[in-house]
Every structure is written in C-alpha cells, then in structure tokens.
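Enquirer: got a structure for you, letters missing:
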C-alpha cells in the first residue's frame, strides 16, 4: 500500500485523514467529489480508495458500482457518518473491501485497505459492521434527519412524527455505543 485516493466532500476531515496517512509514509491524493476522483483515477496509479458514502453530488453506492466496474481489484474502504446495516450490506455486495463508521481511526482504515478482495469463489474478505442496537439506529436516523434539515428541531420533529420536546429529550441523551 503506497498511494491512496481519499474521496470526501468534508475538506477538514479529508485533510486530517490525508495528514495522518502521510505521517505513515503513504502518498495521498485528495478529491472532494466523484468528478474530481474520476480525474485522479485517470492519471494516478493507486493502491486503494477511501470513500465517503454520503456525497451530495452522487450517491456513494452508485459511485462504488462505477468504481468497481472500472477497477475490479482496487481495495475500496467506505467511511460514513451515517452507518446502517442496509447500506453496509449493499456496499459489501457491490464489492467494497470494508465499511467503517466515522470517526474511524487511521490504523483501522489502513488495516481495511490492506485487506484484498478474495478471488471469485474465495472466502469472504469484507467485514460487516457490528449489528447496531435499535437505540443506535434510531439515534443515527435522527442525526441524518437533523442534518438534512440544517439542524432545525421543529422541522425534524415533524418529519420524524415526534413532538418537538420529545425530540429534544432524545437529543439530550448521549449516543448509544452500538
């Protein structure tokens, strides 16, 4: 593993992760969108891709399908702030090497990148995330709706079918571990 492409629209996060990879003697190319990533893929010789699943320009799962078609053996590690079992299963079905929830430490990302896809018919290479508890799934869904509404509690409560005060109580609790 020598050269990694980081694809994430969150510039501060992408830059921090790139610095951490460089500190571990890896060459890093950064892209803030799938379009930028395509340009980098056309010109750079890469050993792996770290990809954010939730990008506004193109759904991450759609981009994974495109990447896997063009680069069938290149390790792809998905990082997401909104991990859920449905997208994890779909991402693994599409051929990602691993699926990690943010914030993932750099060593976990590197370990995932170093795993290779198995040959057709071989043993399964990807690892599934731990199964989330119902409380964790609820908390992640609330966070996703809040992000979509720009943090508007009243609008989020309406979309979730909750009383605003009930939503505020749920937000006042710490996120469940799993």
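Expert: That came through fine. In this text the structure is predicted, and so the values were computed from the model without any measurement. Numbers count the residues shown, from 1 in each chain.

Enquirer: got the residue ranges for the helices in this protein?
Expert: Secondary structure of the chain (DSSP state H): helices located at 11-23, 34-43, 60-70, 85-94, 106-114, 134-148, 153-160, 164-172.

Enquirer: so which of the ones you listed is nearest residue 51?
Expert: helix 60-70 (6.4 Å; C-beta to C-beta). Quick note: C-beta positions are derived from backbone N, CA and C, even for glycine.

Enquirer: in contact with residue 34, which residues?
Expert: Residues near residue 34 by C-beta atoms under 8 Å, 6 or more residues apart in numbering: 7, 55, 57, 58, 63, 66.

Enquirer: just give the number of residues close to residue 64.
Expert: For residue 64, the neighbour count with other C-beta atoms under 10 Å is 22.

Enquirer: revised request: answer the last question for residue 135.
Expert: Applying other C-beta under 10 Å, I find that residue 135 has 14 neighbouring residues.

Enquirer: measure residue 20 to residue 60 for me?
Expert: 21 Å (C-beta to C-beta, to the nearest Å).

Enquirer: more crowded one of these two?
Expert: Between residue 20 and residue 60, residue 60 has the larger neighbour count (other C-beta under 10 Å), namely 23 against 16.

Enquirer: name the nearest residue to that one, ignoring sequence neighbours.
Expert: residue 53 (3.6 Å; C-beta to C-beta, 6 or more residues apart in numbering).

Enquirer: ok, that neighbour touching residue 61?
Expert: Yes. Counting by C-beta atoms under 8 Å, residue 61 is a contact partner of residue 53 at 7.2 Å.
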